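> take a look and give me a structure for this.
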Amino acid sequence: MSSSSPVLCGRAVPAPGAPPVPISQAEFVLFQRWILEMAGITLPGTKQALVANRLARRLALHGLHSYRDYFALLQRPGQAAEVQVAVDLLTTNETYFFREPKHFDFLRQQALGARGRAQPFRVWSAASSSGEEAYSIAMVLADCLGDATPWEVMGSDISTRVLQGAQRAHYPLERARHIPGHYLKRFCLKGGYEYLDTLLIKHPLRRRVNFRHINLNAPLPPVGAFDVVFLRNVMIYFNQDTKREVASRVLAAIKPGGHFLVGHSESLTDIVPGVQPLAPSIYRKLPG
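Just a heads-up that it's a prediction; the model follows:
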């Protein structure tokens, strides 16, 4: 049996595990422009190898010889599913439970202040990736508000692939290193046997989190108004114009007096008007 690459449509295609087809500078620019238009994400020139690595298997699957051929495939009518696959592959999704703990301390304060009110306390994890942030939020709200005060958590992402993982709520145990011990016992199940070194979010908490597919680079669907929105470690991938557009859309979904949380390396200063900085990366939406 030969160990050479398989041939599809008369052309050699990399075997699984083989080095990816080289991507030219011109091809990389095509995908730079495409993902900027689709998702608002700016890919720096240093990401050329990443694009090649992530898309190489799609070339192999479709029997294509070059990234230009794959780009042409994405432009054809009826390729919405493949377009979503490509978006999923080119969007970075890295997170873990209780990332940036000061934000969750702040959330706890806000939730405790909402105790006893009739209207739901609503929080949006606006780039929730595989769900760790949304479930971290839900743990805090369940602890602070319980069933006495209504509360809701919505998680959203542009990637359908990571949203499917978020809905499964099954994670490597290593991602749980920042979950407080009493939350681990109360809200998580530790896996055994073939699920060793994993955890599952318990069903009562899972059902309190609603995940939706939302592209922040497009007009938002009806989502209602939120008391707190987490949009963290996302705008670093946007250019200045896209930052303004996305921040304005998200701010419109925050109640007056509500709060907008960004990553510690991000800022809303000179990006969007109508917010008051309270602490690094924490902003309050001004009334009016």
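> can you give me the helices in the stretch 51-200 of the chain?
Remark: helices assigned in the stretch 51-200 of the chain by DSSP state H, counting those that start in this stretch are 67-75, 80-90, 101-113, 132-145, 160-168, 181-187.
> can you tell me what sits against the fourth one?
Contacts of helix 132-145 with the rest of the structure, by CB atoms under 8 Å, 6 or more residues apart in numbering, involve 95-99, 104, 107-108, 111-112, 114-115, 121, 123, 125, 128, 151, 153-155, 166, 169, 171, 175, 179, 183, 186-187, 201, 205-206, 208-209, 211, 230, 232. Placement of C-beta: from N, CA and C, glycine included.
> now, of those, which are buried?
With burial judged by 16 or more other CB atoms under 10 Å, the buried subset of the contacts of helix 132-145 is 95-99, 104, 107, 111, 114, 121, 123, 125, 128, 151, 153-155, 166, 169, 171, 175, 179, 183, 187, 201, 205-206, 208-209, 211, 230, 232.
> from these, which land in strands?
F121, V123, S125, W151, V153, M154, G155, Y171, I201, V209, F211, F230 (DSSP state E).
> tell me which two of those sit farthest apart.
F121 and Y171 (25.2 Å; CB to CB).
> do you know the pLDDT at T92?
With respect to pLDDT, T92 has a value of 66.
> for R249, which non-adjacent residue is closest in space?
L220 (5.4 Å; CB to CB, 6 or more residues apart in numbering).
> correct me if wrong: that neighbour contacts I254.
No: the criterion here is CB atoms under 8 Å, and L220 misses it with I254 at 11.8 Å.
> who has more neighbours out of these two?
Using other CB atoms under 10 Å as the criterion, L220 and I254 rank with I254 on top: 22 against 15.
> and the more buried one, what does it touch?
Applying CB under 8 Å, 6+ apart, we find I254 in contact with A225, F226, D227, V228, V229, F260, K285.
> could you rerun that using 10 Å?
The neighbours of I254, taking CB atoms under 10 Å, 6 or more residues apart in numbering as the test, are 122, 124, 225-229, 260, 274-275, 283-285.
> how about A86?
Counting by CB under 10 Å, 6+ apart, A86 touches F31, W34, I35, M38, R54, L55, R58, Y70, F71, L73, L74, Q79.
> equivalent analysis for D227, please.
By CB under 10 Å, 6+ apart, the residues touching D227 are 107, 110-111, 113-114, 119-124, 151-152, 254-255, 257-259.
> and it, how far from Q109?
Using CB to CB, to the nearest Å, D227 is found at 12 Å from Q109.
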